[in-house]
Structures are given as C-alpha cells and as structure tokens.
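In: 3D, please:
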Amino acid sequence: MPSTSIDTFFACTIIVTAALIATAFLCSTMQTSINDTQNINKESYLQSIADYIITNPGTPVNWGNSGSVPADFGLAAGSSTIPYELDIDKITRLNSQNTCSLSYFNMAIAAKLSNIALGITVSQVMSINIEQTNKTSTGDDTSFTFSILTSINSEPTSTSLNCYVIANNNLNTVTGSTSDVGVGYVTVQILGAATNNSMLIVFARASFDDRITSYAIYNIQNSSQESSPSNDVLTLSPLNYTLSYTTNSTDLTIQNGYVFTYACQQNLTLIQDTTQYQIPRILDTSPYIIVLCGFNNGAYFQEWTSYPQVPLTAGSSFEGEEQNVFSYLVTINGVLYNVNLSFGDVVP
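Out: Numbers count the residues shown, from 1 in each chain. Okay, the predicted model is just below:
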C-alpha cells in the first residue's frame with residue numbers, strides 16, 4: 001500500500017475513533033443529565049407530597065379527634081394560622097399504642113401513596129437524660145439524687161427544671177436547672193415504703209425559648225429511664241382531651257388520675273359510668289404527662305402516657321429499601337417538635 005494511502009487510512013481511523021469517543025462521551029453526559037433530571041424531578045415530587053402532608057389538615061378537617069379514617073391525609077391543625085402547626089390528635093393517632101391509632105394501610109390509602117412507602121417519626125427537640133447518682137436512707141425516708149443532662153442535637157443546653165415525684169399516690173415537686181454545659185442535679189425524698197412504687201417526671205424548658213419544652217420519665221423502682229409507657233396494667237389513650245383506658249385485669253381499682261405539665265399539676269375527672277377521664281386544657285406551653293394510679297389484684301400500680309403521644313414512629317421501616325427523608329420543625333400545642341417524613345423509591 002502506498003504511503004499516501006497508509007497515511008489516509010490512519011487519519012480516517014483516528015477521525016472515526018475520535019468520533020466514537022465523542023459520541024460515547026456525549027451519550028454518557030446525556031445519560032447523566034437524564035438521571036440527574038429524574039432525580040431532581042423525583043425529589044421535587046416527593047418534597048411536594050411531604051409539604052402537602054405537613055401544611056394541609058386533610059379531609060375531614062377534624063379527622064384526628066373524630067376517630068374516623070381520613071379520605072385525604074394531612075397533619076396540619078385545621079383552624080391554625082401558624083405555619084407548620086400540627087394537630088395534637090392527628091399526631092397522637094399515628095402512635096400504635098393508641099386504641100384509636102390509624103393503621104399504616106389506611107394512612108397510605110388516604111395519602112394516595114399506594115406505590116410509595118411512607119414513614120413518619122416525631123420527636124422532641126430537646127433530649128433529657130436522667131441518671132441516679134446517689135441514694136441515702138435516714139429513718140423512714142430515702143433520698144435520691146439524680147443528674148439531668150439536657151441537649152439539642154447533642155449540644156448541651158441550659159434549662160429550667162420542674163420535676164414531679166409520684167410514690168404510692170403521694171405527690172412531691174422539686175425545681176432546679178441545668179447549666180450552660182447542660183448538667184443539673186435534683187434531690188428527692190420518698191417515704192421508705194413507697195420507693196418500690198415511684199416515678200420521677202422531669203420537665204425541662206430551654207432558657208432561650210419557652211417552646212422548647214421536653215419531658216422524661218424515670219422509674220425509680222427499676223432505676224431506669226422509660227422511653228415509652230409499659231402498658232403492663234392499663235393502656236392509656238388520649239384523644240380530643242379525653243383519656244380512655246383499657247385493661248385485661250379482672251380486679252382493678254383506679255384511685256386517682258393526674259395530668260402534669262411544666263408549670264402545672266391537676267387531677268383528672270372521671271366521666272361517670274365510663275372508662276374515660278376528662279383532660280383539662282392547661283394554658284402552658286408544654287407536653288402533657290398523664291398518670292393513673294390504683295390497685296391491680298391488690299398490688300399498687302401507676303401507668304403513664306404523654307399527650308401528644310410523642311416520640312413515635314409510624315409507617316414503613318424501610319429495611320433494605322431506599323429512603324428519601326424530608327425534615328420539618330413544627331409546633332404542636334405551641335411546643336416545638338422534629339418531624340421526619342420518609343418516602344421509598346417512586347415505583348412507576
């Protein structure tokens with residue numbers, strides 16, 4: 001082959017190869033662009049669903065306190081003019097421990113998400129950790145000292161503390177504070193015979209914002225902090241400012257019912273001829289802690305729950321699945337909470 005033909009052949013080969021490389025690069029770039037567009041579109045689509053759930057009350061507007069299954073799923077308070085204010089009963093009905101809880105099936109149908117997994121978590125903005133640091137006895141009295149740590153996003157937070165002790169139907173209160181490093185101490189005294197049936201309720205309020213008010217429960221008998229009610233004797237279900245209880249006990253006597261907030265404690269009023277108590281509406285920026293005390297087969301008991309029933313996790317667990325998370329800072333009855341809405345992959 002003449003040299004001129006060889007040169008022409010190699011030149012053509014180089015041109016074709018360059019064209020193939022350029023085409024492959026262009027296809028790769030286009031595919032990346034398409035994938036990015038699809039991801040942006042998917043995120044925008046899921047974000048709009050999340051925003052709708054958070055900012056709309058659903059249908060009917062009062063589906064939370066009516067106990068009905070909503071035709072359209074939304075968590076916003078119906079009459080609120082405050083952005084990102086959620087309804088206390090709609091949130092409470094997402095907790096599986098409530099006897100009027102909304103099933104995941106009904107939640108997904110109402111949200112029109114038959115092909116997308118949905119998960120919801122609600123948590124307190126401020127964390128409280130309680131540890132027993134000392135115990136001394138003098139005569140019939142036992143003194144307990146507790147260290148209390150408060151933090152927001154793992155950062156120490158200074159707070160004021162209001163604490164309640166319930167022991168065999170006896171109530172005591174103690175106040176305190178946590179420092180700039182988020183550490184404080186409280187000491188409580190309990191009559192010796194009552195220590196086996198006692199709990200400590202701690203409310204902490206951030207020094208810079210009253211809306212950041214959290215609670216924690218410490219079981220003094222078991223020397224442990226409780227993240228959720230035990231439901232050993234009773235299952236307590238608040239809804240529409242009415243507390244209902246259920247039990248499997250055949251020998252049960254309820255002596256007293258109490259509701260606690262950061263700044264207030266009141267007795268509950270039994271609704272005659274029912275298994276329900278009226279929950280008073282307390283003008284305090286605080287979660288409610290509700291306690292029923294009595295005897296079960298001759299043994300003293302006390303059960304508690306919160307209102308709203310937070311923390312909670314509802315819906316899909318997303319085990320081994322894609323999870324797209326959208327986070328919100330919301331208010332429920334004036335208190336700030338964290339809400340995460342999680343969605344699975346969009347299935348065509």
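
In: For residue 230, give its distance to residue 217.
Out: Between residue 230 and residue 217 the distance, using Cβ to Cβ, to the nearest Å, works out to 10 Å. C-beta: built from backbone N, CA, C; applies to glycine.

In: Between these two, which has more neighbouring residues?
Out: Each of residue 230 and residue 217 had its neighbours counted (other Cβ atoms under 10 Å), and the higher figure belongs to residue 217 (21 against 14).

In: and the gap between that one and residue 163?
Out: Separation of residue 217 from residue 163 (Cβ to Cβ) stands at 11 Å.

In: Report the set of residues contacting both of the two.
Out: Residues within reach of residue 217 and of residue 163 at once, by Cβ atoms under 8 Å, 6 or more residues apart in numbering, are 200-202.

In: closest to residue 92 among the residues you listed?
Out: Relative to residue 92, the closest of these is residue 201; by Cβ to Cβ it sits at 18.8 Å.

In: circling back to that earlier point, what about the shared contacts of residue 217 and residue 163, which are in strands?
Out: Of the positions in the shared contacts of residue 217 and residue 163, 200-202 sit in strands, assigned by DSSP state E.

In: could those residues be laid out in TSV, adding distance to residue 50 and pLDDT?
Out: Converted to TSV, these look like this (distance: Cβ to Cβ, whole Å; pLDDT from 0 to 100):
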residue	distance to residue 50	pLDDT
200	37	98
201	34	98
202	33	98
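
In: Going through the residues you listed, which ones are buried?
Out: Members of these that pass the buried threshold by neighbour count (16 or more other Cβ atoms under 10 Å) are listed as 200-202.

In: Reformat those as JSON lines; add distance to residue 282.
Out: Output for those, formatted as JSON lines (distance: Cβ to Cβ, whole Å):
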{"residue": "200", "distance to residue 282": "20"}
{"residue": "201", "distance to residue 282": "15"}
{"residue": "202", "distance to residue 282": "18"}
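
In: of those, closest to residue 95?
Out: The closest of these, once distances to residue 95 are taken by Cβ to Cβ, is residue 201, at 18.9 Å.

In: gap between the closest residue to the closest one other than its chain neighbours and residue 199?
Out: Leaving out its chain neighbours, the residue that sits closest to residue 201 by Cβ to Cβ, 6 or more residues apart in numbering is residue 164, at 4.4 Å. Computed with Cβ to Cβ, the distance linking residue 164 and residue 199 is 9 Å.

In: do the same with residue 178
Out: As defined by Cβ to Cβ, residue 178 lies at a distance of 20 Å from residue 199.

In: between these two, which one's more packed in?
Out: In terms of neighbours (other Cβ under 10 Å), residue 178 is the more surrounded of residue 178 and residue 199; the figures are 24 against 19.

In: Could you break this protein into its assigned domains?
Out: Taking automatic domain parsing as the criterion, the chain consists of the domains 1-116, 127-307.

In: looking only at pLDDT, what's the mean for the first one?
Out: What it means is domain 1-116. Average pLDDT, domain 1-116: 77.

In: quick one, helices of the protein?
Out: Counting by DSSP state H, the segments of the chain that form helices are 3-55, 63-66, 88-92, 104-110.

In: of all the ones in strands among the shared contacts of residue 217 and residue 163, which comes closest to residue 289?
Out: When these are compared for distance to residue 289 (Cβ to Cβ), residue 201 comes out closest, at 5.4 Å.

In: What's opposite the closest one in the beta bridge?
Out: Note on residue 201: beta-bridge partners by DSSP bridges are residue 164, residue 217.

In: right, and it touches residue 217 too?
Out: Yes - because the distance of 6.0 Å satisfies Cβ atoms under 8 Å, residue 201 is recorded as touching residue 217.

In: Need the overlap of contacts for these two.
Out: Residues touching both residue 201 and residue 217 (Cβ under 8 Å, 6+ apart): 289, 304.

In: Residue 340 and residue 45: what is the separation?
Out: Between residue 340 and residue 45 the distance, using Cβ to Cβ, works out to 18 Å.

In: let me redo that: residue 322
Out: Residue 322 sits at a distance of 14 Å from residue 45 (criterion: Cβ to Cβ).

In: pLDDT weak spots in the stretch 201-348 of the chain?
Out: Per-residue confidence of the stretch 201-348 of the chain (counting by pLDDT under 70) places the weak regions at 347-348.

In: where along it do the strands fall?
Out: If you assign secondary structure with DSSP state E, counting those that start in this stretch, the strands in the stretch 201-348 of the chain sit at 213-219, 224-226, 235-239, 242-246, 252-260, 265-267, 269-270, 276-278, 288-296, 299-307, 312-315, 324-332, 335-343.

In: now for those strands, which one comes closest to residue 98?
Out: Closest to residue 98 of the strands of the stretch 201-348 of the chain, according to Cβ to Cβ: strand 235-239, at 4.6 Å.

In: Now do that closest one and strand 252-260, the angle between them.
Out: When axes from the mean of the first three to the mean of the last three Cα atoms, to 10 degrees is applied, the directions of strand 235-239 and strand 252-260 differ by 40 degrees.

In: And strand 235-239, how far out from the chain middle?
Out: Here strand 235-239 shows a centroid-to-chain-centroid distance of 16 Å under the convention Cα atoms, centre = their mean, to the nearest Å.
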